[in-house]
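Asks: Everything below, folded, please.
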Amino acid sequence: MNQIKNNKNLGIILIITSSLFFSLMATAVKSVNHFPLAEKVFFRNFIGLIFLSIPMIKDRGLLKVTNKKLMFGRAFLGTFGVFLFYNSVLHLHLSEAMALNKLSPFFIIILSGLFLKEKIKPAQIIAVFVAIGGLMVILNPKLNIPMIPALLGLTGAFCAGAAYTMIRQLRLTDHPSTIVFYFCLFSSVTSLPIMLSNFIIPTGIELLKLCLIGLMALGGQLAMTNAYRYAPASQLSIYTYLNIVFSSLWGFLFYGESLTLSFMAGAGLIIFAGYINFMSSNDKMGKRKKKAAVLTSTK
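Replies: Below is the predicted model:
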C-alpha cells in the first residue's frame with residue numbers, strides 16, 4: 001500500500017514538473033515574439049525529434065505505423081494546434097493563452113463521446129458547461145482581450161483536444177513513442193519550408209531561447225509520460241491546471257502582465273471545471289476498484 005502511495009506521489013511530482021516545463025516553454029515563446037511562428041514551431045519539435053530518433057534507431061520496429069490515417073490526423077491537428085497556441089502567446093498575456101489552452105480536456109470529453117462512443121457522465125456534462133462559463137467570462141469584451149487571437153487560441157485548444165482524442169484510439173494500435181516521433185517529424189517537415197521563406201537569423205541569446213522552447217517542451221513531455229507510469233490520468237489531471245498558475249507568475253515577473261478580477265474568475269471557473277472532471281473520473285475508478293474487491297472476496 002505504501003508503495004502505491006509513493007508511486008502516486010511521484011506521479012504528482014512529475015506532472016507538476018511537466019506543468020512547470022510547459023509554462024516555461026510558453027515563456028520562452030513569448031521572449032522571441034518578433035520571430036515568425038514557423039521558426040518557433042520548428043525549434044519546438046525539431047529538438048524533440050533529435051532526442052526521439054535515438055530509441056527509434058535502436059528499435060526499428062517503432063517506425064512501423066499501424067493506423068496511418070489516424071496518425072496523420074493526429075500529427076496534422078497537433079501541429080496546427082501548436083501554431084494557434086503560439087499565436088495566442090504572441091498576442092495575449094501568458095495566463096490568458098494558457099487558460100484558453102486548458103480548455104482542451106473538455107473538448108476531449110465531447111469528442112470522445114461523439115467519435116469513440118465513450119459514456120459521458122452527468123458530472124462531466126456539468127464540467128463542460130462550467131468551463132464554457134469560464135470561457136465566456138474571459139472573452140467578456142469589457143476585459144479588452146484581443147478577440148481574434150483569443151478565438152484562434154480557442155481553436156488551438158480544440159485542435160489539441162481532437163489530437164488527444166485520436167491518441168486515445170492510436171494507443172490501441174501504435175506505440176506511444178511512435179506517436180510522438182511522427183508528430184515531431186510531421187511538424188518539423190511542414191514548418192521548415194514556411195520558416196525558410198521568412199527566416200530570421202538568431203543571435204546567440206536568441207538561438208538559446210529558441211532551443212529552450214524545444215528543450216522545455218521535451219522536458220514537459222517526458223515528465224508527463226513518466227508521470228502516467230506511476231499514477232492513472234484520473235488522479236493527475238487536476239495538477240495540469242497549474243500551467244495557468246505558473247504562466248500567470250511568469251507573465252507578471254518577466255513581462256509585467258497584471259491579472260484582473262474578471263480573468264481570475266474565468267480562469268477559476270475553468271480550473272473548477274477541471275476539478276469536477278477530476279472528481280468524476282476518480283469516483284468512477286473508485287467504483288471499479290470496489291467492484292473488483294467484491295469479486296475477489298467472493299472467489
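Asks: My guess is residue 181 contacts residue 50. True?
Replies: No: with contacts defined as C-beta atoms under 8 Å, residue 181 does not count as touching residue 50, sitting 11.0 Å away. Every residue, glycine included, has its C-beta placed from N, CA and C.
Asks: Of these two, give the one with the bigger neighbour count.
Replies: residue 181 (22 against 13; other C-beta atoms under 10 Å).
Asks: List the contacts of the more buried one.
Replies: 49, 52-53, 56, 62-63 (C-beta atoms under 8 Å, 6 or more residues apart in numbering).
Asks: got it, and residue 137?
Replies: 262-263, 265-266, 269.
Asks: Out of the residues you listed, list just those in helices.
Replies: 262-263, 265-266, 269 (DSSP state H).
Asks: now those residues in a markdown table, with pLDDT?
Replies: Output for the ones in helices among the contacts of residue 137, formatted as a markdown table (pLDDT from 0 to 100):
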| residue | pLDDT |
| --- | --- |
| 262 | 87 |
| 263 | 91 |
| 265 | 94 |
| 266 | 94 |
| 269 | 96 |
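Asks: Mind jotting down where the strands sit in this protein?
Replies: Remark: no strands are assigned in the chain by DSSP state E.
Asks: low pLDDT regions in it?
Replies: Across the chain, the ranges flagged by pLDDT under 70 are 1-6, 142-143, 234, 284-299.
Asks: that older thread, out of the contacts of residue 137, the closest to residue 149 would be?
Replies: Comparing the contacts of residue 137 against residue 149 with C-beta to C-beta places residue 263 closest, at 14.9 Å.
Asks: so where do the helices sit in the stretch 151-299 of the chain?
Replies: For the stretch 151-299 of the chain, the helices defined by DSSP state H, counting those that start in this stretch occupy 176-197, 204-230, 233-236, 242-255, 261-297.
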